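# Sharing a model that was predicted from the sequence below.
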Amino acid sequence: MKGLLKLVAGLGVLVIVLIVAGGAILGAFFDPNEYKPEIEKAALKEGGIELKINGDIGWSVFPWLGLEVNKIDVKFPGKNDLASLNKAQLAVRIPALISGKVEMKSIVVDGLQLNLVKEKDGSTNWIAEVSSTVSSESETNTKTETSTEKSSSPAIALNIDSIQISNSNINYLDKSTDTQALLSDFNMSSGQVVTNAFFPAELSFNATQLVKGEEQVKAAANLSAEFFLDLDNQLYKIKGLDSKFNLSGKPLAGKSLEITSTANIEANLATQQLTLSDLTLSLANLKATGNLAVSSFAAPIITGKLSVASFDLNKLLTSIGQAEIETTDSDALSAISFNTELAGPANTVTAKTLNLTLDDTKFSGSAAFNLANSNISLNIQGDKLDADRYMPPATDKKASEASTAEKSASTTASTGYSKDEILPIDTLRSLALDLSVGLKALHVANLDVSNILVKVSAHNGLIKASKIDADLYKGSVKNNVTIDVRNNTPIITSQKSISGIQIGDMLKALADVDQLTGSLNSQSNLTLRGNSVFDFVNSVTGTANVNMKDGELHGIDMAQTVCQGLNNLSSLGVNTTEVDKSTPFANMGASANIKNGVINNQDLKAALDAMSLSGKGTVNLPKQLLDYRLGFMVEKNLFKETCSFPDKLEGVEIPIDCKGSFDTDPVKLCKPDFSFISDALKNQVKEKVEAQKAEVKEKVEAKKEEAKEKLKDKLDSKLKGLF
């Protein structure tokens, strides 16, 4: 046995001596530069790549197996230049390699120039044109070899003096979009690279994006950290990662923005665990912190905490070269903060708790993003929000814009409806969303709204807003809307219900108007088809009704106004003393049937003080025509003290015809139909004639009775004389 061991040891020494001797002989008598043409031919034949070695090749065999190449150019046949290299140097210590260790001198890569080009037809200069069969076989062999290596090769201990990458540049040009990305001055350096111990490394580069040759964004980056490699257990750590990015360019409007971050990272590939701890991010006045953990990489489970400290949004916008958001309240948007706890099922990013503060408003809830199907779920509730604080301040420019908008609307009304598409069909079809948003109190446009609830689901082109509800002014509004874009023609359906809203209180708050009171109720059920205003107007179909109870119209006595108008017409004189300038009404209501944009109403009714209002007609939205008839009727002459109303017109309907196009002057649009006066007079004459006929008939009948009595008396007297 001892003899066998001695024999093996002797053979080992002999092998080492032979390697040393062979290396010395090869180094003295063999010059690799003589074989440049053969190497270049082999690269083209075996790898399908054109290799040009313009510099010297240096090498050593023992005790360091080393290679140094200089000035290399690489490209695929018939394509643009792919890469060039000024210098690359690599050396491995053979005795250590034999014992299962990798000991290397400094790895040096200098002057790497990588030029990536994508042509307009989609072809690139970094992919060789080889047959699919060869490629498939190569991939299969590579996968097999890789699999074999992973299953059978033991981990190797590393010991590299350092890694130096300097003066490297990467240029990516996409001719199809005329965009270019440049990575320049790429430099990397490390300390002694070893396994199972931390070693330092630094990285820096400049990046530039260009569009049509014009610079858009520029960034300068610097990163440093300590790295830990445990190859046996597939455990990798990055400690004290410190990164700094300085951005400039068009989006920043001449400003320079610095983004800094720190973190500790640990990845255990064997147990599929990744953690980011002590994470910080600073961007102008925005500061974010957090900790994250990811497990089970195939179906990741993500946990952790993230928070953003309170910051002023306008200060942030200013620091990145953006315009401030103008608000009515100058203190708005000055205190925004956010925090969340991540914890949820596999394959999702789930914010188990979500808290957002917007100045005085607090929102809380949860959210989730499904990594498998991109479905977004959001459930968030807020306490109170004064939206008027965030409205833009009123200016002459705003008024001018509003005037321009009105003129545009007027032009549209006179020239026809726009056929421009409104709905982003592709975006709506791609939505995967489940949303529930609530707000206890909202102040907007001087209105106070409470108990707001919005629920929306969107999947496969069917968007359902099952609830758009709110309470306001002792009443409620309930809506549900469905948008169906699954087929070529979008279909929109809407059901709305308004119940018990005190219209007087709402108008007073909205516009400081005190002219109308009452309890408003309405329902509507509408369907629209298409994807433009033109389509909607020409297709809207459904039903609607409105009712207002126990109301009053302030500032005008409707009956008296009608009375005075009629007196002016009849020249009967007017008593201008007004006792009551209001018109109470017990009930006002109407219903409408709508078909293809034509609104048909036949039952407008309003019970006003001492009179009634009725109406019927059509509104043709596609043709922009109105044909409507209003009727006033004085049922009781209760205001003789303030207006001597013609008795002959009591109980007669006073009609007003509104007929014409939408752009007709309102003064000319609605005109009284004065035929009611002649009709009333005819009826009065007819009534008098009928009364006279009745009187004559009565007199005739009376005369007949009188004659009969007289005749009877004569007959009786003659009969008495006879007998």
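On my side now, so go ahead.
# what's the closest non-adjacent residue to Leu356?
Phe363 (4.3 Å; C-beta to C-beta, 6 or more residues apart in numbering). To be clear about C-beta, it is placed using only N, CA and C from the backbone, and glycine gets the same treatment.
# likewise Leu241?
In this structure, Leu241 finds its nearest non-sequential neighbour in Ala225, 4.1 Å apart by C-beta to C-beta, 6+ apart.
# Surely the one you found touches Gly240?
Yes. Counting by C-beta atoms under 8 Å, Ala225 touches Gly240, with 5.7 Å between them.
# ok, those two, which is more surrounded?
Neighbour comparison, Ala225 and Gly240: the larger count goes to Ala225, with 20 against 13 (by other C-beta atoms under 10 Å).
# list the contacts for that one?
Residues counted as contacts of Ala225 (C-beta atoms under 8 Å, 6 or more residues apart in numbering) are 200-201, 238-242.
# what does Asp512 give?
Contacts of Asp512 (C-beta under 8 Å, 6+ apart): none.
# Against Asn314, how distant is it?
Distance, Asp512 to Asn314, by C-beta to C-beta, to the nearest Å: 31 Å.
# List buried residues within the contacts of Ala225.
201, 238-239, 241 (16 or more other C-beta atoms under 10 Å).
# before we move on, the earlier item: measure the residue nearest to Leu241 to Ser190 for me?
10 Å.
# where do the contact lists of those two overlap?
200-201.
# Helices along this structure, start to end?
Secondary structure of the chain (DSSP state H): helices at 2-29, 36-47, 94-98, 132-152, 313-319, 396-415, 425-430, 503-511, 533-539, 558-570, 666-669, 675-722.
# worst average pLDDT in those?
Among these, helix 2-29 carries the lowest mean pLDDT, at a mean of 43.
# From Asp448, how far off is Phe536?
31 Å.
# Those two: which has the busier surroundings?
Counted by other C-beta under 10 Å, Phe536 and Asp448 do not tie: Phe536 has more neighbours, with 19 against 14.
# Where does pLDDT dip in the stretch 451-600 of the chain?
553-585 (pLDDT under 70).
# hey, where'd the strands end up in the stretch 401-550 of the chain?
Using DSSP state E, counting those that start in this stretch, the strands found in the stretch 401-550 of the chain span residues 432-444, 447-459, 462-472, 475-484, 491-502, 516-529, 541-554.
# Val308 is nearest to which of those strands?
With distances scored as C-beta to C-beta, the stretch of these nearest to Val308 is strand 432-444 (20.4 Å).
# Can you mark which positions in that closest one are buried?
Those would be 435-439, 441-443, for strand 432-444 by 16+ other C-beta under 10 Å.
# just checking, what packs against that strand?
Secondary-structure packing of strand 432-444 (3 or more C-beta pairs under 8 Å, 6 or more residues apart in numbering; DSSP states H and E): strand 376-386, strand 447-459.
# if we go to 10 Å?
The contact analysis (3 or more C-beta pairs under 10 Å, 6 or more residues apart in numbering; DSSP states H and E) places strand 432-444 against strand 361-370, strand 376-386, strand 447-459, strand 462-472.
# so Leu269 makes contact with Leu235?
Yes. Applying C-beta atoms under 10 Å as the test, Leu269 and Leu235 come out as touching, 7.7 Å apart.
# Between these two, which is the more surrounded one?
The neighbour comparison of Leu269 against Leu235 (other C-beta under 10 Å) goes to Leu235, with 17 against 12.
# My understanding was that the more buried one contacts Leu274; is that so?
No. The criterion here is C-beta under 10 Å, and Leu235 misses it with Leu274 at 11.3 Å.
# any common contacting residues for those two?
Listed as contacting both Leu235 and Leu274 by C-beta atoms under 10 Å, 6 or more residues apart in numbering are 266-268.
# As JSON lines, the residues you listed with distance to Ser457 and neighbour count would be great.
Converted to JSON lines, the shared contacts of Leu235 and Leu274 look like this (distance: C-beta to C-beta, whole Å; neighbours: other C-beta atoms under 10 Å):
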{"residue": "Glu266", "distance to Ser457": "39", "neighbour count": "16"}
{"residue": "Ala267", "distance to Ser457": "37", "neighbour count": "18"}
{"residue": "Asn268", "distance to Ser457": "39", "neighbour count": "16"}
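# In the stretch 201-350 of the chain, where is pLDDT below threshold?
Those would be none, if you go by pLDDT under 70 across the stretch 201-350 of the chain.
# The stretch 51-200 of the chain now?
The model of the stretch 51-200 of the chain has pLDDT under 70 over residues 61-62, 97, 129-156.
# For the stretch 101-250 of the chain, which segments count as strands?
101-104, 107-110, 113-118, 157-160, 163-174, 179-190, 193-194, 199-211, 214-230, 235-249.
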